[in-house]
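Asks: Coordinates for the following, if possible.
(2 chains)
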Amino acid sequence: MANELAGYVITGLGTGCGFALVGSGLVAIYRVTRVVNFAQGTFAVIGAMCASSLLSVLPHGIAEPLAVLAVALVGLLVGFVAIGRPGTTPQAALIVTLGLAIFAYAVVVLVWGDQPRSFAGVPGAVTVLDGRVQSHYLLVIGVTVPVFAGMALFFGHTDLGRALTACASNPYAARVIGIDVRRMGLLAFAIGGALGALAGVLLTPVQQITFDSDVTLIVNGFAAAVLGGLTRPAVTLAGGLLLGVTQALVAGYGNAAHQTEIALGLMLAVMIGRAARRPAALEEPT
Amino acid sequence: MRTTALVLAAAAAALALPVVLDGRQLGIYVLAGLAAMVTVGLALLMGFAGQISLGQASFYAIGAYTAGLLTVNGVPPLLGLAAAPVLAAGFAAVVGIGLLRLRGHYLAFATLAMQLILLSVLAQSEWAGGAIGLQGIPRLSVGGIELDEDVHYAYLVLAGLTGTLLVARNLVASRVGRGLRALATSEVAAGASGVPVGRYRLGVFALSAAFAGLAGGIYAFYLGYLGPGSFPVLLSVEYVVMAVVGGLGTVSGGVVGAVAIVLLVQVLNDIGTRPGMPSYAPSVLSYAVYGLLLVIAVLYLPRGLVPALSRRDRS
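Replies: Predicted coordinates:
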């Protein structure tokens, strides 16, 4: 029993890291622009697809970062469409990003086809506490943790990061002191694109990706981000790990088919619980 | 008066069309009518109550499964059809108590989650046919007369749509409708003026579900087969596209949006299935169109086709 448990927990932590990365991309964009980017799962899908193509000509370690960079550009483009036009409300921008996510289906199917794709990750398996785990999960965890640490440093201790945070807490005051809020919003979209792509690139070797995998990723990422009120990256990481481990345990000891219900039920409970504690008036657009 | 003339002309065309259309075209007519019924409800919900629903296809699915399951188990089809909107509305009212505490993007994701959970439950439930679905749903029969031709269903859909439109129009023109419009602008102000905000929001949510449920019920009898795969998340998105393109907050916008998009997608389908086109062409074309239309409509035509056209009329 005990060795199974360790295996499930590490597998869960690995997928949870993926959810947390998707969720933190949502957070990075939401903090600065108040837009929930529905195309966040799409970034992961495009990142994975790009990496699978690049890997046919480039070695591991070069292809993956290039794919992440490419999707940062895609993120910039999405941001341009979503918030580039002055006067677009966050509500409208959500629907615009939904439209872009559907449009991306067309592009992905056209370029990469509609069959699931995957590529090799770290080969082999390791033994942790008597449980066998695919080594790749350790890489996923090993990359995600420094990325979150780096984000905390970036947002708290660099000028650019602090400017982003300023836009998040008070856009008006940020504009007064000379920060270009729109440019910061675009930058946030690029960061979101990179984080989403990183999730896709890391998860693909252990979970095949199809063009419509984005729905699962965005819903789980949103669930992780919602725990932190869509603004706190650290809580998003905790939320993603919690979701991943819960799903792995449900799949391992119970019925794999119930994974979705559990994760979504948890998300609904958290959202409704938070809404009940806070009067609706506070969430009205002003 | 021009509006009355337009509505009369549209009604006459809708009445005459099933007689002249051939088999495949009748199928498109039925699907467009069903989509219009769902979209009218969604446009009401989004335009008047200011709520986004990314799970409208779940009410369509509930209506379809209600009608399908009841008739497969020996209940008279007409009773099954009548139960479809009732059950869909009841489900919406119950989940709405929780979900409608949420606003904006939270509600959008919550309704999406609702649909994913529903699909997952349906796919695992033996009594609902599991992932394979329900087969052998009998055709609708009224007093011993079986509706077994497409043209019957075309008129059934038209009757359903007419009923939906009448209910929606009367609601919009009533005191409740004015309350809803106030609520969409500012919940606090509406509440302060005595609009029972919570009850109205829940009411519109349930009503839009009833419309979708009725459409789903007709769909079940028309097709005779249902599966979880018939109600993908993309279907919910398609309804949002139709509502946004047609125009939120207008009753006719739902019909215009649904008919325009069903026709457009049909044309693209014809192009996509021509010899020489790759097998994925139809789906690529429809994804591209749904995506682009949604982006363009929100950014450049935020009030939709119907208000934009009628504004041009006046000026």
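Asks: So what's the residue count around residue 214?
Replies: Chain wasn't specified; assuming chain A. Neighbours of residue A:214 under the rule other CB atoms under 10 Å in any protein chain shown: 28. The C-beta positions use only the backbone N, C-alpha and C, and glycine is treated the same way.
Asks: Oops, wrong one, chain B.
Replies: Neighbours of residue B:214 (other CB under 10 Å): 30.
Asks: can you count the residues close to residue B:263?
Replies: Neighbours of residue B:263 under the rule other CB under 10 Å: 12.
Asks: Check whether it really touches residue B:32, as I assumed.
Replies: Yes. Between residue B:263 and residue B:32 there is a contact at 7.1 Å, judged by CB atoms under 8 Å.
Asks: check contacts around residue B:98.
Replies: By CB atoms under 8 Å, 6 or more residues apart in numbering or on different chains, the contact set of residue B:98 is A:268, A:272.
Asks: Specify the local secondary structure of it.
Replies: Three-state assignment for residue B:98 (DSSP: H, G, I helix; E, B strand; the rest coil): helix.
Asks: mind checking pLDDT for it?
Replies: Residue-level confidence at residue B:98 comes out at 84, pLDDT.
Asks: Would you check how far apart it and residue A:243 are?
Replies: 20 Å (CB to CB, to the nearest Å).
Asks: Any residue of the lengthiest helix in chain A touching chain B?
Replies: What stands out as the longest helix in chain A, according to DSSP state H, is helix A:2-33. No. Using CB under 8 Å from any CB of the partner chain, helix A:2-33 never reaches chain B; the gap is at least 8.6 Å.
Asks: sec struct for residue A:41, please.
Replies: Residue A:41 is classified as helix under three-state DSSP.
Asks: likewise residue A:207?
Replies: Residue A:207 is classified as coil under three-state DSSP.
Asks: contacting residues around it?
Replies: Neighbouring residues of residue A:207 by CB under 8 Å, 6+ apart: A:15, A:118.
Asks: again, but for the one 3 residues further on
Replies: Listed by CB under 8 Å, 6+ apart, the contact set of residue A:210 reads A:45, A:114-117.
Asks: how near is it to residue B:246?
Replies: In this view, residue A:210 and residue B:246 are 31 Å apart by CB to CB.
Asks: so residue A:102 sits right up against residue B:234, yeah?
Replies: Yes. Taking CB under 8 Å as the definition, residue A:102 is a contact partner of residue B:234 at 7.5 Å.
Asks: and those two? which has more neighbours close in?
Replies: Applying other CB under 10 Å to residue A:102 and residue B:234 shows that residue A:102 carries more neighbours, namely 29 against 16.
Asks: For the more buried one, which non-adjacent residue is spatially closest?
Replies: Among residues not flanking residue A:102 along the chain, residue B:291 sits closest, at 3.8 Å (CB to CB, 6 or more residues apart in numbering or on different chains).
Asks: if I look at that neighbour, how far off is residue A:89?
Replies: Computed with CB to CB, the distance linking residue B:291 and residue A:89 is 20 Å.
Asks: which of those two has more neighbours?
Replies: Set side by side, residue B:291 and residue A:89 show more neighbours around residue B:291, with 23 against 14, by other CB under 10 Å.
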